[in-house]
Every structure is written in structure tokens, then in C-alpha cells.
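Chemist: using only what follows, build the 3D model:
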Amino acid sequence: MTTTETDPVEPRGEAPDRKAGPRVEVLPARDVPLGGPRAMTVRRTLPQRARTLIGAWCFVDHYGPDDVAESGGMDVAPHPHTGLQTASWLFSGEIEHRDSLGVHALVRPGELNLMTGGHGISHSEVSTPATTILHGVQLWVALPEQHRHAERDFRHHVPHPVPLDGGEARVFLGSLAGDTSPVPTFTPLLGAELTLRPHATTTLAVDPAFEHGLLVDHGDVRMAGTPLRPAELGYLGPGATTLTLTNTGDAPARMVLLGGPPFEERIVMWWNFIGRSHQDIVEAREAWQNGSDRFGSVTGYPGDRLPAPVLPGTTLTPRGNPPVPQAG
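Modeler: This next block holds a predicted model:
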């Protein structure tokens with residue numbers, strides 16, 4: 001996915017039920033149009049003014065369920081990425097992926113497509129004619145300094161369902177509930193889809209070195225005692241050894257759980273580039289605008305690639321997170 005959004009919002013200041021568990025910060029979503037002439041609207045919960053990353057996760061877009069007959073679906077022309085990985089995860093629909101590695105793949109529900117941009121890659125994303133309802137998430141992972149110029153890469157993984165008390169998990173990155181994804185990552189990460197039956201509660205063993213974010217797709221969910229509305233992202237700092245989730249509603253609930261140790265590096269994230277300085281972004285933009293081999297080319301997309309937006313008139317400065325609150 002591609003973005004030009006520059007005005008994140010503040011977290012919702014709702015007090016948790018402190019008898020039920022540690023403090024959870026609630027990050028609200030805001031509507032953002034994707035770039036390009038056929039823009040679709042997504043709900044973005046990361047980055048925020050108050051929180052740039054959760055672990056190395058630096059970007060969370062949530063979209064649908066959209067009737068593509070009305071919305072037009074997804075049609076994102078070839079665009080570049082540097083310094084990051086993109087993780088595509090669908091609940092319904094199908095997206096055709098093409099990239100400058102020469103990969104032509106389909107994103108389907110319950111299947112992870114993980115693309116490494118590293119030094120530079122370009123790709124396009126288009127919902128297929130078979131899609132009637134498009135619904136899913138697009139996630140970005142910031143690469144650490146040691147690996148941010150890594151070679152382009154693409155991985156595909158289909159996790160199997162793992163039973164939980166009152167529901168199930170599909171672990172697409174990292175380890176949870178006794179299951180481990182085989183997909184390698186550059187920093188420790190957790191990514192999993194969770195479902196809970198009506199009025200079910202599950203308690204998960206989690207890594208106390210990790211901070212966690214829980215994105216609610218649908219349902220009436222409590223994270224460590226704090227209520228979360230659909231499209232909100234609950235944040236819990238490191239220190240907890242367990243995480244309790246409850247579906248308080250009469251219908252099933254679905255969530256995406258993300259985690260990782262705090263990412264200590266400060267980053268500059270502008271458009272589809274992640275660097276460490278303003279100059280990193282200037283050089284990446286110039287390379288894309290000039291058709292540099294740095295990003296390669298995408299074949300098979302019926303249209304022009306996206307031009308880069310104009311840089312702001314001020315110097316882009318690196319951003320990190322505020323001091324990490326400890327759970328408990």
C-alpha cells in the first residue's frame with residue numbers, strides 16, 4: 001500500500017478497569033485515502049502522534065468489508081518501498097500482487113504475503129474480478145539499521161488454525177499458543193489473527209519482553225480489562241507474561257495481535273520510504289522519480305506507476321516512541 005497521510009491523531013483517553021489488568025492505551029483509527037487516482041479509504045491506527053511503532057510494526061491499515069461493486073475495490077499502481085517489509089493479510093476477497101522481483105502472486109484470506117523492500121522494491125496491488133467483498137489489513141515492519149538495505153524478498157505462508165480457549169489463532173509471524181511461523185524476520189515479531197466465540201475469554205502466554213497491539217476487526221472486545229471498539233488498536237507495554245482477551249458480545253469477535261520488543265531506533269517515515277534522516281528520503285524519492293534501477297520495474301500492471309508527492313518545505317526529523325510504560 002501507499003500513503004500520503006501526515007496528520008495522525010491522539011490516543012483515546014478511556015480509563016481501563018484496573019481491577020482486570022494492566023493499563024491499555026487505546027489508539028483510535030482515522031480515515032485515510034490511499035494514493036493515486038483510484039484511491040480507496042482505509043482506517044489507519046499506526047503511526048500515531050503518541051506512538052510511532054509497536055515493536056518493529058510501524059504501520060497498520062484496516063479496510064472493509066467493502067462491496068467492490070460500490071467502492072471500486074483496490075487498485076494501487078506500482079509504487080516504491082525502502083527500509084521496510086509489507087505484510088498483507090485478508091479476511092475476504094483476493095488481491096493480485098506484482099513486484100519488481102518478478103513475483104506475481106495472489107493474496108487470499110488466511111494467507112500471509114510478506115515482501116521485503118530493503119534497499120528498494122516496487123509493487124502493485126489490485127483486487128481481482130472474483131472479489132465481491134474486500135476486507136483485510138496491510139501492515140508494515142521497520143527494518144533495523146543493520147538490515148534496512150537488505151535484498152528484495154517475498155515470502156508466502158499459510159498458517160493452520162490453533163485452538164484457543166473459546167476460539168482459535170492463526171499465527172503468521174513469530175510464536176503464540178504453541179505454534180511458530182516458519183517465516184524469518186529481522187527482529188523478533190508476533191503477528192496473529194485471533195477469533196473468539198460470543199462471551200468467551202482466553203488468556204495467552206506472551207513474551208514479557210514484547211509490547212503488544214491488538215487491532216479489533218469486529219466484536220465487543222476487552223484487552224486486559226480495557227474495552228476496545230472495532231477499528232481501534234489497544235497498546236500494552238512490556239512486562240506482562242499473560243494477556244487476557246474477552247469477547248463480551250453476542251456475536252463472534254475477530255482481532256489481529258501484533259507484538260515485538262521495543263524498537264529503539266528512531267526512524268523517518270515519509271510516503272512509502274523509511275530511513276534514518278531527511279537525506280535518506282530525498283535520495284529515495286529522487287531515485288524513484290528518475291526511474292533508477294534501485295526499485296526495478298513492475299510488469300503486467302495496465303497503467304502508469306505512481307509519482308512521488310512533493311517533499312515538505314521543512315526538514316524531516318527522526319521519530320521514536322515515548323518512554324515505554326511497563327505492564328503491571
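
Chemist: got the contact list for the helix of greatest length in the chain?
Modeler: Criterion DSSP state H: the longest helix present in the chain is helix 278-289. Contacts with helix 278-289, where a contact means Cβ atoms under 8 Å, 6 or more residues apart in numbering, come from 80, 82-83, 120, 122, 268, 270-271, 273, 275, 292, 294-295, 307-308, 311, 315-317. Just so you know, the C-beta spots here come from the backbone N, C-alpha and C atoms, and that holds for glycine as well.

Chemist: same question for it, mean pLDDT?
Modeler: The average pLDDT within helix 278-289 is 98.

Chemist: swap in stretch 23-39?
Modeler: 80.

Chemist: which element, helix or strand, includes the spatially most central residue of the chain?
Modeler: A centroid search over the chain (Cα atoms, centre = their mean) returns Leu139, at 1.9 Å, as the residue closest to the centre. Per DSSP states H and E: Leu139 is located in strand 133-142.

Chemist: do Pro188 as well
Modeler: Residue-wise, Pro188 maps onto no helix or strand under DSSP H and E.

Chemist: just the pLDDT for it.
Modeler: At Pro188, pLDDT is 98.

Chemist: OK, contacts around it?
Modeler: 55, 174, 207, 209-210, 260-261.

Chemist: buried ones in the strand holding Leu139?
Modeler: 134-142 (16 or more other Cβ atoms under 10 Å).

Chemist: from these, pick the one nearest Pro198.
Modeler: His135 (20.4 Å; Cβ to Cβ).

Chemist: could you find the closest non-adjacent residue to that closest one?
Modeler: Using Cβ to Cβ, 6 or more residues apart in numbering and skipping the chain neighbours, the partner closest in space to His135 is Gly64 (3.1 Å).

Chemist: which residues does that neighbour contact?
Modeler: Gly64 touches 91-93, 133-136, counting by Cβ under 8 Å, 6+ apart.

Chemist: farthest pair in these?
Modeler: Ile133 and Gly136 (10.3 Å).

Chemist: what's opposite Leu233 in the beta bridge?
Modeler: When assigned by DSSP bridges, Leu233 has beta-bridge partners Leu27, Leu215.

Chemist: hang on, it packs against Asp217?
Modeler: No. Using Cβ atoms under 8 Å, Leu233 makes no contact with Asp217, being 11.1 Å away.

Chemist: hmm, back to that, touching both of Ile133 and Gly136, which residues are there?
Modeler: Joint contacts of Ile133 and Gly136 (Cβ under 8 Å, 6+ apart) are 64, 92-93.

Chemist: low pLDDT regions in the stretch 201-328 of the chain?
Modeler: In the predicted model of the stretch 201-328 of the chain, residues 324-328 satisfy pLDDT under 70.

Chemist: go again using 90 as the cut-off
Modeler: The stretch 201-328 of the chain contains residues with pLDDT under 90 at 321-328.

Chemist: which parts of it are strands?
Modeler: Taking DSSP state E, counting those that start in this stretch as the test, the strands found in the stretch 201-328 of the chain are 201-205, 211-218, 221-223, 226-228, 233-236, 242-247, 253-260, 268-270, 273-275.

Chemist: reformat those as CSV; add mean neighbour count.
Modeler: Listed next are the strands of the stretch 201-328 of the chain as CSV, based on neighbours: other Cβ atoms under 10 Å:
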stretch, mean neighbour count
strand 201-205, 16
strand 211-218, 24
strand 221-223, 25
strand 226-228, 22
strand 233-236, 26
strand 242-247, 20
strand 253-260, 25
strand 268-270, 21
strand 273-275, 23
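
Chemist: could I get those strands in CSV, plus columns for distance to Ser71?
Modeler: Formatted as CSV, these follow (distance: least, Cβ to Cβ, whole Å):
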stretch, distance to Ser71
strand 201-205, 33
strand 211-218, 17
strand 221-223, 26
strand 226-228, 25
strand 233-236, 23
strand 242-247, 28
strand 253-260, 20
strand 268-270, 27
strand 273-275, 27
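
Chemist: between the ones you listed, which one is nearest to Arg170?
Modeler: Nearest to Arg170, of these and by Cβ to Cβ, is strand 253-260 at 9.8 Å.

Chemist: direction included, what does that closest one pair against?
Modeler: Assessed with DSSP bridges, strand 253-260 is paired to strand 190-196 (antiparallel), strand 211-218 (antiparallel).

Chemist: picking that back up, pull out the buried members of the contacts of helix 278-289.
Modeler: Judged by 16+ other Cβ under 10 Å, buried ones among the contacts of helix 278-289: 80, 82-83, 120, 122, 268, 270-271, 273, 275, 294-295, 308, 316.

Chemist: and of the residues you listed, the nearest to Arg43?
Modeler: Closest to Arg43, out of all of those and judged by Cβ to Cβ, is Trp271, at 19.2 Å.

Chemist: nearest to Pro184, out of the strands of the stretch 201-328 of the chain?
Modeler: Across the strands of the stretch 201-328 of the chain (criterion: Cβ to Cβ), the nearest stretch is strand 253-260, sitting at 14.0 Å.

Chemist: quick one: the longest helix of the chain to chain centroid distance?
Modeler: 23 Å (Cα atoms, centre = their mean, to the nearest Å).
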